[in-house]
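Asker: Need a 3D model of the following:
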Amino acid sequence: MKSQRVHNAEGLNEMKSQRSGDAMRRQRTKRAAAGVAIALSTVALSAACGNSPSAGGVVSSAANENATASAFASKFQSFFIDYELSETPADLLAGTDLVVRGQLASVSQGPAVVFTEKDPNADVNSIVLSVQVSDVARGALPEGSNGTIYVVIPMASLPLNEYESALPVGEDTVLYLNEDRSPDSYYRDPSVGRPGKQPLWVLASPQGFVVEQGDTSVQIFDTQKFSGTVDEFLPTSDSFPEPSKGTEQTG
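Answerer: Numbers count the residues shown, from 1 in each chain. From the prediction side, this is the model:
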């Protein structure tokens, strides 16, 4: 199934999800990827976050025993939206600009997402993750990247140190991404959070951000844990790994 991304700054944007393969076709409500939040209604974003961005620069997360994929995923549990589920990595690949395997490096304060142009106090926080890329499965890294990409998470309503303390620096990750080609249209200062000439990337789907945790992998915006490493989420895999027992979320 192909993931849908809708851009509509004026209306209520939705991603719909319909899972096939069962005798009973049922809609599953899933947590929205913050990286896909640009496709959401700015009205919904404001209601969900309700605070304005704070100033801050790049913060490199110090590794600690509390910084795990599950801990980081827990920071994004308050926002829900329907989206279209991909049944295989090949389905998830459709419409994706860049697929990488790499390691989480740091988190920084991102650009403010504009809700009302004339009222900066209504702006919505974002964070930017820097990822050190080890392999590219689709697409190419931008010129001058030095192997690092910058992924924006627009629905980041918590203080920066909450994300910093939970980010599992150095853990392996797989990301399915699209380039954010028009950041000037919805960020108050689109240059924040990355080197000036490097693009921002957004998740192509809520399923497209997986981080390794021991012998399992966690979909960050689904908070679902799977048996196996992040390599099993690469496009070369015929199917996604099986969810770990007791962790599948059905909405």
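Asker: all helices of the stretch 151-251 of the chain, in order?
Answerer: Per DSSP state H, counting those that start in this stretch, the stretch 151-251 of the chain carries helices over the ranges 160-166.
Asker: Flag the shaky bits of the stretch 101-250 of the chain, pLDDT-wise.
Answerer: Within the stretch 101-250 of the chain, the ranges that satisfy pLDDT under 70 run 246-250.
Asker: ok so residue 102 is a helix residue?
Answerer: No - Residue 102 is assigned strand when assessed by DSSP: H, G, I helix; E, B strand; the rest coil, not a helix.
Asker: And it, how far from residue 66?
Answerer: Distance, residue 102 to residue 66, using CB to CB, to the nearest Å: 22 Å. The C-beta positions use only the backbone N, C-alpha and C, and glycine is treated the same way.
Asker: okay, these two: which has more neighbours?
Answerer: Using other CB atoms under 10 Å, the more surrounded residue of residue 102 and residue 66 is residue 102, with 21 against 9.
Asker: Just give the closest residue to that one, not the sequence neighbours.
Answerer: Ranked by CB to CB, 6 or more residues apart in numbering and with sequence neighbours excluded, the top spatial neighbour of residue 102 is residue 133, at 4.1 Å.
Asker: List the buried residues of the strand or helix carrying that neighbour.
Answerer: Assigned by DSSP states H and E, residue 133 falls within strand 127-138. Of the residues in strand 127-138, 127, 128, 129, 130, 131, 132, 133, 137 count as buried by neighbour count, 16 or more other CB atoms under 10 Å.
Asker: Same question for stretch 180-194.
Answerer: The neighbour-count check on stretch 180-194 (16+ other CB under 10 Å) flags 180, 183, 186, 187, 188, 190, 192, 193, 194 as buried.
Asker: ok, so of the residues you listed, who is nearest residue 205?
Answerer: Of all the buried residues of stretch 180-194, residue 205 sits closest to residue 180, with 14.8 Å by CB to CB.
Asker: Name the nearest residue to that closest one, ignoring sequence neighbours.
Answerer: Leaving aside its chain neighbours, residue 180 sits nearest to residue 200 (4.2 Å; criterion: CB to CB, 6+ apart).
Asker: Quick check, the one you found in contact with residue 190.
Answerer: Yes - if you go by CB atoms under 8 Å, residue 200 and residue 190 touch, sitting 7.3 Å apart.
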